[in-house]
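> Give me the fold of what follows.
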Amino acid sequence: MPENKQETKFEILHMAPENTNSVLVTVGNEAIIFDAWGNSQDWEKLLESRGLRLRAIYSTHGHGDHISAAPLLAEKYDVPWYLNSEDDVLISWSNNLLKYFGLPLIEGNYRRSKDIEEGTFEVLPGLNIEVIETPGHTPGGVVYYFPDFGVLLTGDTLFRDSIGRYDLPGGDVNSLLQSVMKLYEMDFPDETFVVHGHGVDSTIAILKKENPYFK
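Okay, here's the model as predicted:
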C-alpha cells in the first residue's frame, strides 16, 4: 500500500482469527485503526511492540467482524471510536458472530462509539479523510477515502467482483445499489487503491473491469 507523505504508512492487517481486512494507518508514531477486528490484546501487543500511540478507531459499519476489538481498545487507550450512529443497533447483535469465532463478547457496559457523518476530517496531523455514507449493507455503512494518497476503504459495501450482503439485519438491496452507483459517479482516479472489507484488494480500474455492479 502507499507510503510517502510525512512518513504516512498504510498497512492491511489480518488479525487472528484471520477474516477481515483491518487497516492500520500511521504518521510517525501516531496511529489510527480502521475496522479493528480480532482480539484487543493482540492489537495492544502490536501497538506497544512498535511504540505506536493510538489516536482513534474508525469502523466502516457495525457488524462484529469489523468492530470486535474497538470498544476495549477505545477504553484501554481512552480514544474515540467512530461509527455511524445508524449502526448502533447492530452492536449487540454482533455477539453471535464473535461467539462463533471464539472472541470476547461486547458486554453491555462497552465503551460507546461516537457518531461519524459524511464530510472531510483531519484524522492525524496532516492526514485528511473523506467520509462517504454508503448505506445498504447496513443502515450506517460508510467508506473512507484518503484523497492525498489515493486510498479507498470500502468495508463490505463493495468487493472486487461483487457487492456486500443485504440479507442481514438492516440490509437493503436498493440502498446498497444506490450507494455503489454513488461511489461510481464520484469518479475516483483509476489508480485509486481499494481495500475491501474481505478478500483481495483492487483499484478503481479493476473494479470497472471486473465488478458487474460498478457501472
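> And the longest helix belonging to the chain, how far out from the chain middle?
Taking DSSP state H as the criterion, the chain has its longest helix at helix 173-185. Distance of helix 173-185 from its chain centroid, counting by CA atoms, centre = their mean, to the nearest Å, is 18 Å.
> counting contacts, what elements does it pack onto?
When contacts are defined as 3 or more CB pairs under 8 Å, 6 or more residues apart in numbering; DSSP states H and E, helix 173-185 sits against strand 127-133. Every residue, glycine included, has its C-beta placed from N, CA and C.
> mind listing the helices in this protein by residue range?
Under DSSP H, the chain gives helices at 40-50, 64-67, 70-77, 90-93, 95-101, 173-185, 204-210.
> ok, and which of the ones you listed has the densest surroundings?
Highest mean neighbour count among the helices of the chain (mean count of other CB atoms under 10 Å): helix 64-67, with a mean of 26.
> Quick check: D115 vs L152, distance?
Per CB to CB, to the nearest Å, D115 is found 22 Å from L152.
> And the two? Which one has more around it.
When neighbours are counted by other CB atoms under 10 Å, D115 and L152 differ, and L152 comes out ahead with 26 against 12.
> Low-confidence stretches in this structure?
Residue ranges of the chain with pLDDT under 70: 1-6.
> Now do the same contact list for the closest residue to L153 other than its chain neighbours.
Once flanking residues are discounted, L153 sits nearest to Y144: 4.4 Å by CB to CB, 6 or more residues apart in numbering. By CB atoms under 8 Å, 6 or more residues apart in numbering, the contact set of Y144 is 34, 58, 60, 129-132, 152-153.
> same thing with G136?
Neighbour list for G136: 157, 163-164, 166, 171-180 [criterion: CB under 8 Å, 6+ apart].
> Skip the chain neighbours and tell me the closest residue to it.
The shortest distance from G136 to any non-neighbouring residue, by CB to CB, 6+ apart, is to L176 (2.5 Å).
> Does that neighbour touch F159 like I think?
No - in this structure, L176 is not within contact of F159 by CB atoms under 8 Å, at 11.8 Å.
> quick one on the thing from earlier: contacts only, for the residue nearest to G136.
Residues counted as contacts of L176 (CB under 8 Å, 6+ apart) are 135-137, 157, 163-164, 166.
> which of those tops the neighbour count?
Neighbour count (other CB under 10 Å) singles out H137 as the most crowded of those, with 29 neighbours.
> doesn't H61 make contact with that one?
Yes - between H137 and H61 there is a contact under CB under 8 Å: 6.2 Å.
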